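**Student:** Just the structure for this:
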Amino acid sequence: MMNLFSTFDPTTNFSLSLNWMSTLICILFIPSLFWIIPSRMNLLWMKMILLLNNEFKVLIGKKMKGSTLIFISLFSLILLNNFLGLFPYIFTSTSHMTMTLALALPMWLSFMIYGWFNNTMHMFAHLVPQGTPAVLMPFMVCIETISNVIRPGTLAIRLSANMIAGHLLLTLLGNTGSMMSLYALNLLLITQMLLLILESAVAIIQSYVFAILSTLYSSEVI
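**Tutor:** Numbering: from 1, shown residues only. Prediction:
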């Protein structure tokens with residue numbers, strides 16, 4: 001009888017009792033909707049995502065299910081990275097071209113490959129704007145081609161340059177604090193707080209601009 005019921009003893013198999021883990025693991029299989037009340041932050045985030053979804057759908061044009069998901073995810077990723085970079089001693093990954101180009105280049109390349117393989121005539125039509133005189137057509141093709149090729153670079157540089165500029169200004173002003181008088185130090189602190197608010201706005205605006213421009217680039221190849 002003792003051997004029969006020993007399987008129900010939590011300390012039978014291991015010196016460290018892990019048998020209770022099954023009780024905790026089962027919580028992971030329960031959808032969070034059933035046991036977590038949505039917080040105000042969660043509701044705000046969902047409201048923002050729905051607004052972005054409606055805006056991106058208008059810009060893309062064609063009603064394709066899930067087409068806005070990649071741009072909303074991109075916006076969220078850049079936004080969170082930008083905000084994390086505002087905290088002291090946290091690495092700002094979006095201020096480096098390695099990160100920004102890794103986001104912009106593969107996406108632009110996939111748009112171009114999709115457009116040229118599936119909508120070849122549509123892509124050729126984009127190279128020559130409507131109403132262009134025949135004499136200017138070769139020049140317009142060159143200009144449009146160059147503008148298409150530099151798009152990932154402009155996306156990457158815009159994001160990284162804006163992140164670097166604000167952080168660099170905050171750092172330079174902060175390093176001068178030890179050499180200032182008490183009155184000037186108070187003025188510096190107020191300036192730093194105002195710049196930090198400005199950087200928070202820039203973090204939102206730059207992630208929004210990156211996502212919007214990516215959406216506009218994708219709408220041209222559909």
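
**Student:** rest of the way, CA atoms for contacts and neighbours
**Tutor:** Will do.

**Student:** Counting neighbours, what do you get for L28?
**Tutor:** L28: 9 surrounding residues under other C-alpha atoms under 10 Å.

**Student:** quick one: contacts for it?
**Tutor:** Going by C-alpha atoms under 8 Å, 6 or more residues apart in numbering, L28 touches no other residue.

**Student:** Any figure for the gap between T98 and T120?
**Tutor:** Distance from T98 to T120, counting by C-alpha to C-alpha, to the nearest Å: 31 Å.

**Student:** Need the three-state assignment for the residue nearest in space to the middle of the chain.
**Tutor:** Closest residue to the average C-alpha location of the chain: I78 at 2.7 Å, with C-alpha atoms, centre = their mean. At I78 the chain is in helix, as set by DSSP: H, G, I helix; E, B strand; the rest coil.

**Student:** likewise the one 10 residues further on?
**Tutor:** P88 carries the three-state label coil when classified by three-state DSSP.

**Student:** picking up where we left off before, thought the residue nearest to the centre of the chain was touching S93?
**Tutor:** No - taking C-alpha atoms under 8 Å as the definition, I78 is not a contact partner of S93, at 9.3 Å.

**Student:** how about the strands in this structure?
**Tutor:** For the chain, strands defined by DSSP state E do not occur.

**Student:** Show me where it dips below the pLDDT cut-off.
**Tutor:** Along the chain, segments meeting pLDDT under 70 span 1-20, 22, 33, 35, 62-64.

**Student:** what are the ranges of the helices in it?
**Tutor:** 2-5, 21-28, 40-60, 69-84, 97-118, 120-127, 137-149, 151-175, 182-219 (DSSP state H).

**Student:** most neighbours per residue, which of those?
**Tutor:** Of the helices of the chain, the one with the most neighbours on average (mean count of other C-alpha atoms under 10 Å) is helix 69-84, at a mean of 18.

**Student:** how about that helix as PDB, C-alpha atoms only?
**Tutor:** What follows is helix 69-84 as a C-alpha-only set of coordinates in PDB (Å, rounded to 0.1, in the frame of the first residue of the first chain):
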ATOM      1  CA  LEU A  69       0.500  44.200 -38.900                       C
ATOM      2  CA  ILE A  70       4.100  44.500 -39.900                       C
ATOM      3  CA  PHE A  71       4.000  48.300 -39.800                       C
ATOM      4  CA  ILE A  72       2.300  48.400 -36.400                       C
ATOM      5  CA  SER A  73       4.900  46.000 -35.100                       C
ATOM      6  CA  LEU A  74       7.600  48.100 -36.600                       C
ATOM      7  CA  PHE A  75       6.200  51.300 -35.000                       C
ATOM      8  CA  SER A  76       6.000  49.500 -31.600                       C
ATOM      9  CA  LEU A  77       9.500  48.100 -31.800                       C
ATOM     10  CA  ILE A  78      11.100  51.500 -32.700                       C
ATOM     11  CA  LEU A  79       8.900  53.400 -30.100                       C
ATOM     12  CA  LEU A  80       9.900  51.100 -27.200                       C
ATOM     13  CA  ASN A  81      13.600  51.200 -28.200                       C
ATOM     14  CA  ASN A  82      13.500  55.000 -28.500                       C
ATOM     15  CA  PHE A  83      11.900  55.400 -25.000                       C
ATOM     16  CA  LEU A  84      14.300  52.900 -23.400                       C
END
